[in-house]
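>>> Mind folding the following:
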Amino acid sequence: PTAPAPSTGPPAPVAYPPVTPPAPPGYRPPFAPHGPYAQGPQPAPAAPHPPARPPKRPRERSPLGAVTFSLIFLALGVVAVLDLLDVVEVGAAAYFAAALATIGLGLLVGAWFGRARWLIALGLVTAAALGVATVAESYDRVRGVDGDVTWAPTDRRDLADRYENNFGDAVLDLRAIDFDKQETQITVAINFGKATVVVPPNVDVTTIADVNAGDATIFGNRSGALDGRLREITDLGADGPGGGKLRLYVHVNAGDLEVTR
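Take a look at the predicted model:
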C-alpha cells in the first residue's frame, strides 16, 4: 500500500466559543426587552425613611390647682365667719359642702383652661367626707311624731342639736342638763302646734324666736303676732352671769311659743 503523503502546510486552527464578560452588578442591557425602555413592570423605588420626630416639649405646670386650693381655704373662712357671727346655722357638713363646691368649680374651669387632674381625687375624698358628716349630723336631730311629744334628755350626751315636730304640741325639758362652763346651741322647729322650752334656773339663755302666726312668751315677756319677725331676748337667770351659755333658736310656723325656767 501506498503511505500518505506528509502534510507540508500549518495545522488548522481550533475553533473556540466566544467568551462574554460578566455583567457588573445592577447592570441592565440597554435594549429591549430588558433595557430602560422595556414595557415590563419596573421595580418599585425604595420607600424614603420617615423624618425623625422632634422631642416633645415639656408641659408647663398649670396654676389652676394652686388657685383652686387657695379658694378652698377662702370658702372655708367665709363659712367659719358666718358660723361665728351666727348668721346661719352651720355644721360640719357645711364646711365640706363649701370645699366640694369650690373643687367642682375648679374642675369646671379646668375643662377649658389649665390642668389639675389631682382635683378629681380631692373631690372624691371631700364628697365621701361630706356624706359621713351629713349622716353624723342626722343623728343629732330628733324628730317627733304627729301629735303631742315631750323631750326630756337627762344627760348632755343625749342632747341633740335640733328638735322637730310637725303637728301637735312639743315640750323640750332641759332642766336635767348641766350647762355649767359649756356653750350650747339648740334649735327647735315646730310646724303646727305650741312649742314649750324649759331651761335650768342658772344657765344664761339667749333666745332667737321666729313665729310666723302666733304669740311668743319668753321669760315672762309676751309678744303677740310676731308675723315672722325675729326677736332676740337674753336672760341670765336669778344668779346673774354664769352657769353656762345656751343659745336657743325656736321656729314656730303656726302656734305659740313659751320659754321659761
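>>> Please count neighbours and contacts with C-alpha atoms only from this point.
Fine.
>>> Stretch 151-163: how far from the chain's middle?
With Cα atoms, centre = their mean, to the nearest Å as the basis, stretch 151-163 stands 33 Å off its chain's centre.
>>> Likewise for stretch 189-209?
37 Å.
>>> ok, now stretch 188-204?
Using Cα atoms, centre = their mean, the offset of stretch 188-204 from its chain centre is 38 Å.
>>> Quick one: end-to-end distance for that stretch.
18 Å (Cα to Cα, to the nearest Å).
>>> Residue 96 is in contact with residue 129, correct?
Yes: using Cα atoms under 8 Å, residue 129 is in contact with residue 96, at 6.9 Å.
>>> okay, the two: which has more neighbours?
residue 96 (21 against 17; other Cα atoms under 10 Å).
>>> right, and that one touches residue 131 too?
No: contact criterion Cα under 8 Å: residue 96 and residue 131 do not qualify, at 9.1 Å.
>>> which stretch of helix or strand covers residue 78?
Taking DSSP states H and E as the definition, residue 78 sits inside helix 64-84.
>>> So which bits of that helix are buried?
64-65, 68, 71-72, 75-76, 79-80 (16 or more other Cα atoms under 10 Å).
>>> Taking these, tell me the two that lie furthest apart.
64 and 80 (24.3 Å; Cα to Cα).
>>> follow-up on the earlier one: for the helix holding residue 78, give the mean pLDDT please.
Across helix 64-84, pLDDT averages out at 83.
>>> for stretch 243-257, same thing?
Stretch 243-257 comes out at a mean pLDDT of 92.
>>> What lies in contact with that stretch?
179-196, 202-218 (Cα atoms under 8 Å, 6 or more residues apart in numbering).
>>> Narrow those to those that are buried.
Buried among the contacts of stretch 243-257 (16+ other Cα under 10 Å): 179, 187-196, 202-218.
>>> C-terminal to the helix or strand of the chain with the lowest mean pLDDT, what's the next element?
Using mean pLDDT, DSSP states H and E, strand 141-143 stands out as the lowest-scoring helix or strand of the chain, at a mean of 64. Counting by DSSP H and E, the next helix or strand C-terminal to strand 141-143 is strand 149-151.
>>> for that next one, the distance to its chain's centre please.
Worked out by Cα atoms, centre = their mean, strand 149-151 lies 39 Å from the chain centre.
>>> what's the answer for stretch 71-82, then?
16 Å.
>>> Wait, residue 236 touches residue 203, no?
Yes: contact criterion Cα under 8 Å: residue 236 and residue 203 qualify, at 6.6 Å.
>>> Identify the contacts common to those two.
residue 242.
>>> quick one, helices of the stretch 101-250 of the chain?
Along the stretch 101-250 of the chain, counting by DSSP state H, counting those that start in this stretch, helices occupy 118-138.
>>> which stretches of it have low pLDDT?
114-116, 135-145, 225-228 (pLDDT under 70).
>>> Now do the same contact list for residue 153.
159, 173-174, 176-177.
>>> Counting neighbours, which of the residues you listed end up buried?
Here, 16+ other Cα under 10 Å leaves 159, 173-174, 177 buried among the contacts of residue 153.
>>> Identify those among the contacts of stretch 243-257 that sit within strands.
183-192, 195-196, 204-213, 216-218 (DSSP state E).
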